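A.B. asks: kindly generate the corresponding structure for this input.
(2 chains)
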Amino acid sequence: MIDIPSDPEFEPFRAACRRHELAVQECTSCGRLQWPPRPICGYCYSMRTSWTPVSGQGALFSWTVVHRAHSPEYRQEVPYVIALAGLAEDPGVRLLARGDGLTEPGLRPGLAVAVSFHEHGNGIVLPYWAPAGHASAGQASAGQVGP
Amino acid sequence: MTSTVAGMASVVGAAETRYSARSGRPPRALAAEAIATALAEAGVPPHEVDGLIPIGNDVSAESVASMLRLRDLRLCATTPVGGAAAIASLQLAAAAIVSGVARIIVIYVARNGNSERRIRDRVFGLPGQELRDQLERPYGWMSPAHWYAMICRLHMERYGTTKWQLGRVAVTMRRHANLNQNAMMYGRPMTLDDYFASEVIAAPYQKLDCCLETDGGCAVVVTSAETAALRSLPGVQLAAVAEGHPDTPDDLTNRPDLLEIGLSRAAPRAWEMASLGPADMDGAMIYDCFTFELLHQLEAAGFCAPGESGPFVEQDGIGLGERLPVNPHGGLLSAAHMVGLNHVAEAYRQLRGRGGSRQIPAARHIAVTGWGNLGDGAMAIFRRTGSDT
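C.D. replies: Numbers count the residues shown, from 1 in each chain, chains lettered A, B, ... in the order given. Prediction:
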């Protein structure tokens, strides 16, 4: 079972994931989306930031297929795809996630992907990237994965 | 802008211990051996050392100062930039020497990087741990091979870089290592078939795309070019040195241009500082933590245009006797991972004409790059000094 240390800066993201929503940081002053979340807006240096839901649609930027994992909980899952995709709302904002139904060959930059949510136990829900239009994609579905 | 450190410092000694998978010795013993040997080679009595710059935290400056009974230590400092630290430490040493803070500075690394503290442990000391914890490790993306494979894939998709070209890098480094009796892979030749047959770690990276992990020590002695000349020390001049950092240095995922690295910013400054260019180099020591990162840095340093590094290694070549000899010692890929300080030691050896069977003929200028953490970078340019050969 995976474990994620508690960090208040990321809690709104985790809470949104538990609702099967994707949310990213937004600067209340200049309106820019920022990811990963930071204590200060790196564009206008305002300390006033909030969270905004996004569609969960994206485009693949790059990826790797992990065959050798470095911790016990992942060794039984290899090989797995790690996908980095830009959000539809701002392609410069990229979310890293496990691939859900993404397989080589067939991956290419720009491939349309959509978020799916996966329950990992311990109250942890992680967004994955699935092919857009894929049966298991979208906020309505949640796969049970992991031990 | 003219830098005041250009040409002002010299490396006057360098030494390496035996490199192995299991030293059986504590890191402080490896440090003591490397430092004492480098000082003896330089002809500098240890008591004159007034600056220590450790790389990594395996052997503290205080430990070295105690072992050598240093009584006038004026500078202990370290640069937090991982594999760029060998070159960043040279920059720090040069700045300290020019400003008069210290006169004789030893840069060193010593560790049991294979048998004790491996990279899978050391990654927990890198910057941005909260990002790793929250957004990366939960998915099983947790090592340099995993991270940099993403950059390699992007380059392959954008420019058509091939696995064959990565394999060419690996095989060339192994061929060089077989000319270096202290290389961990000495006596163990490798073919492209071996390369393609090696275990997949994080595609496109296979095992033979990844550097070694090493037990050992390496030390370099730096002083002013003036002191080196006045005392006839065996010096190689630091013609230029510069450090650079990418956007969002603690995060790869949202870096605007994943291919623009610290070296992309450091290299132009170093070339300008030295009034030299890539075509003036007789060889290069490129921080080859992975095969693609060697290609990537050939581009970032300006040895070829963006996207051209694959064809460059195929058509021009990076082997001894080819267009740009890179890492004649075998590099991190096939000689040893001493955080790139072994690249500085090799540049020193080559510019003093002591490369033996792997000597770059008549080498006058060599560039050395560093790559650390999530893309921090640095470059030094060394110039052979006239009196020495």
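A.B. asks: what sits against residue 58?
C.D. replies: Using chain A. Contacts here follow CB atoms under 8 Å, 6 or more residues apart in numbering or on different chains; on that basis residue A:58 touches A:85, A:86, A:87, A:88, A:95, A:112, A:113, A:114, A:115, A:129. Bear in mind the C-beta positions are built from the backbone N, C-alpha and C, glycine included.
A.B. asks: wrong one, I was asking about chain B
C.D. replies: Neighbours of residue B:58 in contact, by CB under 8 Å, 6+ apart: B:27, B:31, B:109, B:110, B:111, B:112, B:117.
A.B. asks: quick check: pLDDT value at the fourth one.
C.D. replies: At residue B:110 the predicted local confidence, pLDDT, stands at 98.
A.B. asks: so it bridges to which residues?
C.D. replies: For residue B:110, the beta-bridge partners are residue B:217 (DSSP bridges).
A.B. asks: shouldn't it be in contact with residue B:36?
C.D. replies: No: using CB atoms under 8 Å, residue B:110 is not in contact with residue B:36, being 11.9 Å away.
A.B. asks: could you find the closest non-adjacent residue to the residue positioned nearest the centre of chain B?
C.D. replies: Chain B has residue B:340 as the residue nearest its centroid, 2.3 Å off, counting by CA atoms, centre = their mean. Leaving out its chain neighbours, the residue that sits closest to residue B:340 by CB to CB, 6 or more residues apart in numbering or on different chains is residue B:86, at 4.1 Å.
A.B. asks: skip the chain neighbours and tell me the closest residue to residue B:168.
C.D. replies: residue B:313 (5.1 Å).
A.B. asks: hang on, the earlier thing: residue B:110 and residue B:36: which is more packed in?
C.D. replies: residue B:110 (32 against 15; other CB atoms under 10 Å in any protein chain shown).
A.B. asks: so what's the residue count around residue A:45?
C.D. replies: 10.
A.B. asks: what helix or strand is it located in?
C.D. replies: If you go by DSSP states H and E, residue A:45 is not part of any helix or strand.
A.B. asks: residue A:29 versus that one, what's the distance?
C.D. replies: Applying CB to CB, to the nearest Å, the value for residue A:45 to residue A:29 is 9 Å.
A.B. asks: again, but for residue B:57
C.D. replies: Relative to residue A:29, and taking CB to CB, residue B:57 is found at 40 Å.
A.B. asks: settle it for me: which of those two has more neighbours?
C.D. replies: The neighbour comparison of residue B:57 against residue A:29 (other CB under 10 Å) goes to residue A:29, with 14 against 11.
A.B. asks: just flag the most distant two among the contacts of residue B:58.
C.D. replies: Greatest spatial distance in those: B:31 and B:117, 14.1 Å, computed using CB to CB.
A.B. asks: those two: which has the busier surroundings?
C.D. replies: Neighbours around residue B:31 and residue B:117, counted as other CB under 10 Å, are more numerous at residue B:31. The numbers are 27 against 18.
A.B. asks: you'd agree that one is up against residue B:59?
C.D. replies: Yes: here residue B:31 reaches residue B:59: they are 4.2 Å apart, a contact under CB under 8 Å.
A.B. asks: what touches both of these two?
C.D. replies: B:108, B:110.
A.B. asks: sorry, back to before: might you report the residue contacts of the residue nearest to residue B:168?
C.D. replies: Under the criterion of CB under 8 Å, 6+ apart, the neighbours of residue B:313 are B:165, B:168, B:169, B:172, B:295, B:298.
A.B. asks: and residue B:330, by the same measure?
C.D. replies: Per CB under 8 Å, 6+ apart, neighbours of residue B:330: B:173, B:174, B:176, B:177, B:178, B:179, B:180, B:183, B:185, B:186, B:336.
A.B. asks: swap in 7 Å and give it another go.
C.D. replies: The contact partners of residue B:330, by CB atoms under 7 Å, 6 or more residues apart in numbering or on different chains, come to B:173, B:174, B:176, B:177, B:180, B:183, B:185.
A.B. asks: did I read that right, the second one in a helix?
C.D. replies: Yes: counting by DSSP: H, G, I helix; E, B strand; the rest coil, residue B:174 is part of a helix.
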